[in-house]
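need a structure here:
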Amino acid sequence: MYTTIIFDLGGVLIDWNPEYLYQKIFSDEKEMKHFLSSICTPEWNEEQDGGRSLQEATDMLIQKFPEHKENITAFYGRWPEMLSGEIQETVQIFKELKDANKYKFYALTNWSSETFPIAAERYPFLHWFDGIVVSGTEKMRKPSAEFYQLLLKRYHVNAEEAVFIDDNKRNIEAAKKIGIDSIVFTNAVELKDELIKRQIL
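As a prediction, this is how the structure comes out:
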């Protein structure tokens, strides 16, 4: 039934979290959480995932919060420090699937086109994919149906023969709406169970 497996990257195969950087900058956790929820917010970062340049995004926030210039600049100036490494248990599942030589593999990721090359250089498993669709390059992002359709069309994937794995429920619901069977990623053990249920593993 399944011919194709589509992975999200951040939170599924790659451990990325701004807190890894800002724990080094702030001595007070409450201050750090406030900064990341009210200044360098997830919503602000998503705009870069959608194609806005890092420079424009940084300048915009500095203009708005000049007193936080140094900490705002650190977000992309020290961005690699937000990468903790690969999520080994999930990468191991990916390897098992890849070694079976039965499926095509694609990544559909919300990621800035300017920071993605850092990850591509750092993680060899990113070269196992048959194709990677990066939101910042395409100027569209999950959960837009158009973004999923772009991958399906570009790589001639039949939605009914694909399974999509993402840690964001919003993105999972969007995939289901266009007919892609989807798994909410919580941890590698549960992912393996879901893949076994589908007779993929």
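
CA only for contacts and neighbour counts going forward, please
Noted.

How about the residue in this protein that sits furthest from its center?
Glu67 (30.4 Å; CA atoms, centre = their mean).

any idea which helix or strand comes after the helix or strand where Glu19 lies?
For Glu19, the host element (DSSP states H and E) is helix 18-25. The helix or strand immediately downstream of helix 18-25 is helix 29-38, counting by DSSP H and E.

how is the chain carved up into domains?
Here the domain parsing of the chain from automatic domain parsing is 4-15+84-197, 17-83.

With mean pLDDT added, can I get the ones you listed in JSON lines?
Shown next, in JSON lines, are these (pLDDT from 0 to 100):
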{"stretch": "domain 4-15+84-197", "mean pLDDT": "98"}
{"stretch": "domain 17-83", "mean pLDDT": "98"}
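
Three-state assignment for Ser84, please.
Under DSSP: H, G, I helix; E, B strand; the rest coil, the three-state class of Ser84 is strand.

Count the neighbours of it for me.
Neighbourhood size, Ser84 [other CA atoms under 10 Å]: 14.

What's the local residue count around Lys197?
10.

helix/strand/coil for the residue lying closest to Gly131 once chain neighbours are set aside?
Of all residues not flanking Gly131 in the chain, Tyr106 sits nearest, at 5.0 Å (CA to CA, 6 or more residues apart in numbering). Tyr106 carries the three-state label strand when classified by three-state DSSP.

Could I get the contacting residues of Glu161?
Contacts for Glu161 (CA atoms under 8 Å, 6 or more residues apart in numbering) come out as 1-4, 180.

Alright, I will stop here.
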